[in-house]
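> Provided below for reference: sequence and predicted model.
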Amino acid sequence: MFDYVSFLQNLSNGVLIGGVYALIGVGLTLVFGVMKIINFAHGDFVILGMYCAVLLNSLLGWDPYLSLLVAMPLGFMAGALLQRLVLSRLMEAPPESSLLVTLGLALVIGNILLLTFGAEPKSVNVSYASSTVSLGKVSFSIILLLAGLATMVVIAGLYTVLNHTELGRAIRATADNRLGAELVGINTRWIEAVVFGIGMALAVTAGVVLIPLLFATPTFSGAIFTLKAFVVTVLGGLGNIGAAIAGGLLLGVVEVMGASYLTSDYRDAYGLLVFLLILLLRPEGLFGKTVKRV
């Protein structure tokens, strides 16, 4: 007999964790949509967010969500500075140059974290780790609910910026036609720095949100999150922000359902299988390529 309560439980958990995956994927696809750069260091930015929360918790006793007040601005400033100092020099270079540079950046970040924090996995224990709330027969983890709420707030903020501000119009214009944007007076170099800063801030935010759920390790976790970000963006369509959100939700649901009804040993593999199927059947992604709005 079909257990609908268990199904709803898994579905809700998948949607909530998928929201965090969406947050990671949106940052990657936003950078690609504007700068046409595939950032292999994106997952390591997530790890930076996790270690930022660990550091503030150990030094000041801050809750991970309180540390967002520091982590997000630092992530934005670091991303914008990185773009101006390093990636801006590659805009006219062959595409493989940016791939190699961001891959090298990922290695540098991982090794700096390894030297600073050591190889032992780190996490943050919170008082509400085992707390739940119930809606009928379905229970929701407080940690997952907070992660989902934080993701919704951040994505809603990004939507507002992209669709209802002058900055958002400039970003969309640069993504749509860089030369045309420059002809009407938009400083595309500044826009690219802002976009990379936003992308890094989103990744850092995802890392902070995930630290109560997962352990952070300096050398391996970044590659996993980079892979998940690529899966999310390709599922929806590279450069399509709204589709990246849908791709993240889909990935979260597939992973949780597979782990629940099949085996948890291959949890990460289920998303990859769906990823490969969509590449074979619909190479442009479920929702097509770049769009102008979220």
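It's in. Numbering: from 1, shown residues only.
> In three-state terms, label F140 for me.
Three-state call for F140 (DSSP: H, G, I helix; E, B strand; the rest coil): strand.
> give the contact list for the closest residue to it other than its chain neighbours.
Leaving out its chain neighbours, the residue that sits closest to F140 by C-beta to C-beta, 6 or more residues apart in numbering is V133, at 5.3 Å. (C-beta placed from N, C-alpha, C; glycine too.) Going by C-beta atoms under 8 Å, 6 or more residues apart in numbering, V133 touches S139, F140, I142, L145.
> Identify, from those residues, the entry nearest to A93.
L145 (44.2 Å; C-beta to C-beta).
> Pretty sure the residue nearest to F140 sits in a strand.
Yes - judged by three-state DSSP, V133 forms part of a strand.
> And the helices in the stretch 151-294 of the chain?
Applying DSSP state H, counting those that start in this stretch to the stretch 151-294 of the chain gives helices spanning 166-176, 178-183, 188-210, 221-236, 241-261, 267-281.
> got the angle for the third one vs helix 241-261?
Going by axes from the mean of the first three to the mean of the last three C-alpha atoms, to 10 degrees, helix 188-210 is angled at 20 degrees with respect to helix 241-261.
> I'd like to know how many residues surround A53.
Neighbourhood size, A53 [other C-beta atoms under 10 Å]: 30.
> For my notes, confirm it occurs in a helix.
Yes - under three-state DSSP, A53 falls within a helix.
> ok, back up a step: with pLDDT and neighbour count added, can I get the contacts of V133 in CSV?
Shown next, in CSV, are the contacts of V133 (pLDDT from 0 to 100; neighbours: other C-beta atoms under 10 Å):
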residue, pLDDT, neighbour count
S139, 87, 13
F140, 87, 17
I142, 92, 16
L145, 92, 16
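> which one of those residues is nearest L262?
Distances from L262 to the contacts of V133, taken as C-beta to C-beta, are shortest for S139 (22.1 Å).
> circling back to that earlier point, make CSV from the helices of the stretch 151-294 of the chain and add mean neighbour count, mean pLDDT and distance to S98 to it.
Formatted as CSV, the helices of the stretch 151-294 of the chain follow (neighbours: other C-beta atoms under 10 Å; pLDDT from 0 to 100; distance: least, C-beta to C-beta, whole Å):
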stretch, mean neighbour count, mean pLDDT, distance to S98
helix 166-176, 18, 93, 16
helix 178-183, 14, 91, 15
helix 188-210, 26, 95, 11
helix 221-236, 24, 86, 14
helix 241-261, 23, 90, 20
helix 267-281, 15, 86, 22
